[in-house]
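Trainee: sharing a sequence plus its predicted fold:
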Amino acid sequence: MTDSSLNISIKDVTKTYGDFYALKDVSLEVLSGEFLTLLGPSGSGKTTLLMVLAGFTSPDYGSVRFGGEEVVLKPPHLRGIGMVFQNYALFPHMNVAENVGYPQKLRGVSKEETRKSVENALATVKLHGLGHRRVDELSGGQKQRVALARAIVFQPKILLMDEPLSALDKKLREEMQIELRQLHDSLNMTTVYVTHDQKEALTMSDRIAVINDGRLMQLGTPNEIYRRPENAFTADFIGESSLLPAKVKNGIATIGSKKLKGAQKLKEDGDFMLVVRPEKLFIANKKARDANHFEGLVEDSIFQGESQLMVIKLDPENYGERSLRLRIPNGSTSLGKLPDINEKIILGLKITDSYFVEAANGRD
Amino acid sequence: MGGTKLNSNQAELAQLARREHFTFFGLTLPYLVLVGAMIIAPIGWLFFLSFIGRDGSFSIENYERMINSKAYIRIFLTTFKISILTTFFCALLGYPLAYFMSQISRKWANICMIGVLIPFWTSLLVRTYAWLVLLQKKGLVNTIAVDLGLLSEPIKFVHNTSGTLIGMVHIMLPFLILPLYANMRAIDPHCVKAASSLGATSIRAFWTVFFPLSMPGLLAGLLIVFVLCLGFYVTPAVLGGGKVIMAAMKISSNIELYFSWGAASALGVVLLAVTMLILFIASKLVSLDQFGQRS
Amino acid sequence: MKSFCMVKKVAVAAFLLGFASFSTASFADETLRIVSWGGAYQKGQSVGIFQPAAEAMGITVKEDTYGGISDVKLMVKSGADKFDIFSSGAGGCASGGAEGILEKLDYSVIDVSNHLPGMYSDYCAGADIFSVVAAWNTETYGDNGPRSWADFFDVEKFPGTRAMRAKVDSQLEAALLADGVAKEDIYKVLDSEEGIDRALDKIRSIKPHIAVWWTSGAQHAQLMKDGEVDMTTGWNGRFDVAKLDGAKVAYDWKTGIMDWEGYGIPKGVKNKDLAMKYIAEMMKPEYMAEFAKYITYGPTNKLVYELNLMEEARARQMPSHPDNAKHQMTLRTDWYAKWRTIAAEKYTEMMTE
Ligand SMILES: Nc1ncnc2c1ncn2[C@@H]1O[C@H](COP(=O)(O)OP(=O)(O)OP(=O)(O)O)[C@@H](O)[C@H]1O
Ligand SMILES: [Mg+2]
């Protein structure tokens, strides 16, 4: 699997615009054949990092290696990467086949071979027989596929994609997510994929690099990122979560006057946050040893189709003015009846699901 | 039952479409008539007049004269030569300038655009005479160059073809740059990036992607410049020093010479016909459609 | 530009004066429109002739510029009504008359009894006499410039750049004079295509030395002033004005080809009778003498000399002064009426070769 693809090694990459840091000391290994997603909010530096990889933006300092070879000074056309732009960037003066055949033409591939590879690439993206079409006669999804076909037709070892699905509607986007992933598996390329859609990232990626304010916040598998966020930003950004501020002293965490037990060992003293995922909370009929408990009033209850979302206002004496969100799957039989608004309830959170992250400055 | 319902609906919809069609024509008709009257009528009149001889009767003498006299053929050749050369030099100077403007920030591009347009604010006559003052034998350029020892003898810039070209290119350049720049600004910069990511050197990316995409603007500019050049009068008259006689000049002198519209109209008709022919051939050579739309 | 402002000011002044003399003048409420060539020439006409004559008659005269006899034709043919009188070269009037677009002048109203011979025609009342001469740059040649047309066409004796007119008028005469034809025989020789070709061939022989083909008097004056060419054909008055402006230019009357300018009336103007009377007024010698102060174009009315209306020194600068006139030949408008189109087309052909 790995003989035709390359690993990417990014080290200490920093890019400034004036005194603004678009990227700050980003170091990151992308394994060969891996599908890695850069995930972060708008303006976090995802595109900038991708452009550094593609060679369109040169960093202030830092190193980029493809398969051990330093490429940071190499111009884009010598990097041998396939790239899909956010707006597709198809050539409007060429038809579909000419667009897809463009990289082959540049490489001096014979006409016959080009025709074959174009056909193959179009078949791969399920666009057989559309070669003669003009670009402006295609739907958004078709354009996206053509852009993809053009990026893979010369079998690059690295494929970069910048939010390729953002212009598509939800249903098509979800279909394409699966297709892209399957394509990646069959073509065996190292793929760096940019999105700000966490669901997309969680669905498609081998690993996710969470980026914020030009910094790499966390690198891990979707599972790790989701379950074991390493900082308040990741915890907040990935999935739904409520964060409760906690103090740790001598390895013991407290919220207000209440002690909390956690899944991990807390070695350092200081301010932390308890990450509470709504679907991990449950209504506790009686207190148990293997869980933390929170008392509160039902403030709001919202029907959301497959689940019911409830907002629980915590007892202000113990927790201050805070609330938690609780998600209960609808149709679950274990519960006779949903609590009413203003009903007093006790919430439980298993200790194995109680995860602390360091409190970020200014974040709550 | 359902079928008939659908059919009747179809008829209604077709009627609606027809009505829309008629409304469209009804609304545009006055303009079509106006434009037709303003464009077709004068040309038709011109055509008619060109067949009126000196004595006021129907005659082809105005065309005969053109065939028999070498001067007319030479004047047409000069007209097209000067127009083509002007268009060529406008493209040569204008394309890089428009390209440069399209690549810098909008703020600086706007400042450049003011520079390009400044000549528009002065009259054509003033600009033409300014070139004369600058470039004639004892003009500013020659005097300075000779004084500095750069030239042993003044160069003949004006009162010839080169003077005419300098003046005309100067006047026509904005007409080329405006549509070209607008076109280049609209080109998606990602397209060029995409080309280089796919393996094209920047030169290759320029020629295979940027240049073809700028073609509609370039062709529009070339066409405007070429057609406007065909009718030039003042600049060749002043800067050509009588060495460059273009069709418009002969048209004017023919009115004086023959005291009739006919002699001048025939020149106009032939000029129009040859221009149409050239544009037709050009459009066959460069398929305009190929560059038609962009997504 | 300046001169035109001047013209306007004078016109306004005259307009007001016209009102002032309302009660005494017989044509007080009448207005005439006259067109001429603009520039130094029309300035002289306006101040020296047009406005004083209008004042004397108690009428209002409005001035404008025009583009020559073809404008008259366009006006008459299209039925427009733009001006009543135009100032034109004798040749222009002659061809206009032949085209039937001009009113015949009534010489019982217009007194030409004191005109120099030939200086009026059926359609044109002569007002001033000018000459086409060969002018040279005194910086290049000093006093020893081309004092004859033979010199002008001799590129070995007088190396240097030349300018000639882009129109045929008086250029063929010059060429034949250079080719050794006597003054008296010029139009005899020119009265055939061969003769015309002979003149054109003479011009062809120096064509590489012709740097500019000029199209207006202002242009050839400027060419000499700027030193753009070393010698040129052109109108004597323009050179004299340029000389006052500091141009290094001189000419010899021996190269002079005399021609004259006058006034005509387009066919069908409403104010024909008044126009006729106004032309009669303008023929008076005092106006011509006044006009000649502004530009060296001499009077057609010999009373100007006989009554000593001009200072001797000024009179000597006029093309029509007997001492100057005796060296010169006179242009014949009947030849132009007959041969103009043929000669003009051949001339253009020669230019474009
Ligand atoms: N050429 C530039 N000059 C100045 N600032 C820039 C430039 N390019 C990017 N930036 C800034 O760098 C930051 C990161 O931009 P980038 O395009 O990488 O964001 P992104 O993560 O791709 O966001 P999005 O999801 O909205 O595309 C942004 O704040 C942006 O304004
Ligand atoms: Mg982006």
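Mentor: In hand now; what should we look at? Ligands and ions are numbered 1, 2, ... in the order given.
Trainee: which secondary structure element is home to the nearest residue to C:Glu349 once chain neighbours are set aside?
Mentor: Spatial nearest neighbour of C:Glu349, excluding adjacent residues (Cβ to Cβ, 6 or more residues apart in numbering or on different chains): B:Ala71 at 3.9 Å. Where you see a C-beta, it was placed from the backbone N, CA and C, and this is true even at glycine. Using DSSP states H and E, B:Ala71 maps to helix B:70-103.
Trainee: for that helix, buried residues please.
Mentor: Judged by neighbour count using 16 or more other Cβ atoms under 10 Å in any protein chain shown, the buried positions of helix B:70-103 are B:71-72, B:74-76, B:78-80, B:82-83, B:85-87, B:89-91, B:94-95, B:97-99, B:101-102.
Trainee: stretch A:97-111 too?
Mentor: A:Ala97, A:Glu98, A:Asn99, A:Val100, A:Gly101, A:Tyr102, A:Pro103, A:Gln104, A:Lys105, A:Leu106, A:Val109.
Trainee: from these, which land in helices?
Mentor: Among these, the ones falling in helices (DSSP state H) are A:Ala97, A:Glu98, A:Asn99, A:Val100, A:Gly101, A:Tyr102, A:Pro103, A:Gln104, A:Lys105, A:Leu106.
Trainee: pLDDT score assigned to the second one?
Mentor: I take that to be A:Glu98. The score at A:Glu98 is 95. That number is its pLDDT.
Trainee: pretty sure it is touching A:Phe91, no?
Mentor: Yes - assessed by Cβ atoms under 8 Å, A:Glu98 is found in contact with A:Phe91 at 7.4 Å.
Trainee: secondary structure element for A:Val192?
Mentor: strand A:190-195.
Trainee: sheet partners, orientation included, of that strand?
Mentor: Strand A:190-195 pairs in its sheet with strand A:35-39 (parallel), strand A:158-162 (parallel), by DSSP bridges.
Trainee: against B:Thr161, how distant is B:Cys90?
Mentor: 16 Å (Cβ to Cβ, to the nearest Å).
Trainee: same question for C:Tyr297.
Mentor: Applying Cβ to Cβ, the value for C:Tyr297 to B:Thr161 is 36 Å.
Trainee: same question, A:Leu309
Mentor: As judged by Cβ to Cβ, A:Leu309 and B:Thr161 stand 83 Å apart.
Trainee: nearest spatial neighbour of the one residue in chain B that gets nearest to chain C, skipping sequence neighbours?
Mentor: Nearest residue of chain B to chain C: B:Gly242, at 2.3 Å (Cβ to the nearest Cβ). Nearest non-adjacent residue to B:Gly242, counting by Cβ to Cβ, 6+ apart: C:Trp213, 2.3 Å away.
Trainee: now for that neighbour: which residues touch it?
Mentor: By Cβ atoms under 8 Å, 6 or more residues apart in numbering or on different chains, C:Trp213 lies in contact with B:Gly241, B:Gly242, B:Lys243, C:Ala163, C:Met164, C:Arg165, C:Ala166, C:Met351.
Trainee: which of those residues sits closest to C:Gln42?
Mentor: Distance to C:Gln42, by Cβ to Cβ, is smallest for C:Arg165 among the contacts of C:Trp213, at 20.2 Å.
Trainee: wait, doesn't the closest one sit right on C:Val212?
Mentor: No - if you go by Cβ under 8 Å, C:Arg165 and C:Val212 don't touch, sitting 10.0 Å apart.
Trainee: thinking again about what came up before, turn the buried residues of stretch A:97-111 into CSV, columns for distance to ligand 1.
Mentor: Below are these laid out as CSV (distance: Cβ to the nearest ligand atom, whole Å):
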residue, distance to ligand 1
A:Ala97, 31
A:Glu98, 29
A:Asn99, 24
A:Val100, 26
A:Gly101, 30
A:Tyr102, 25
A:Pro103, 25
A:Gln104, 30
A:Lys105, 30
A:Leu106, 27
A:Val109, 33
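Trainee: please tell me how far the residue in the stretch 201-350 of chain C positioned nearest to ligand 1 sits from chain A.
Mentor: The minimum distance from the stretch 201-350 of chain C to ligand 1, using Cβ to the nearest ligand atom, falls at C:Asp226 (54.0 Å). Using Cβ to the nearest Cβ, to the nearest Å, one obtains 52 Å as the distance from C:Asp226 to chain A.
Trainee: count the neighbours of that residue for me.
Mentor: 15 (other Cβ atoms under 10 Å in any protein chain shown).
Trainee: what sits against it?
Mentor: So C:Asp226 contacts B:Gln136, B:Lys137, B:Lys138, B:Gly139 (Cβ under 8 Å, 6+ apart).
Trainee: what is the burial count for the first one?
Mentor: When neighbours are defined as other Cβ under 10 Å, B:Gln136 has 27 of them.
Trainee: remind me what the longest helix seen in chain B packs against, helices and strands.
Mentor: When chain B is parsed with DSSP H, its longest helix is helix B:2-49. Counting by 3 or more Cβ pairs under 8 Å, 6 or more residues apart in numbering or on different chains; DSSP states H and E, the packing neighbours recorded for helix B:2-49 are helix B:261-285.
Trainee: run through the strands of the stretch 151-300 of chain A in chain order.
Mentor: Per DSSP state E, counting those that start in this stretch, the stretch 151-300 of chain A carries strands over the ranges A:158-162, A:190-195, A:207-212, A:215-220, A:242-249, A:252-255, A:258-260, A:270-276, A:282-283, A:291-303.
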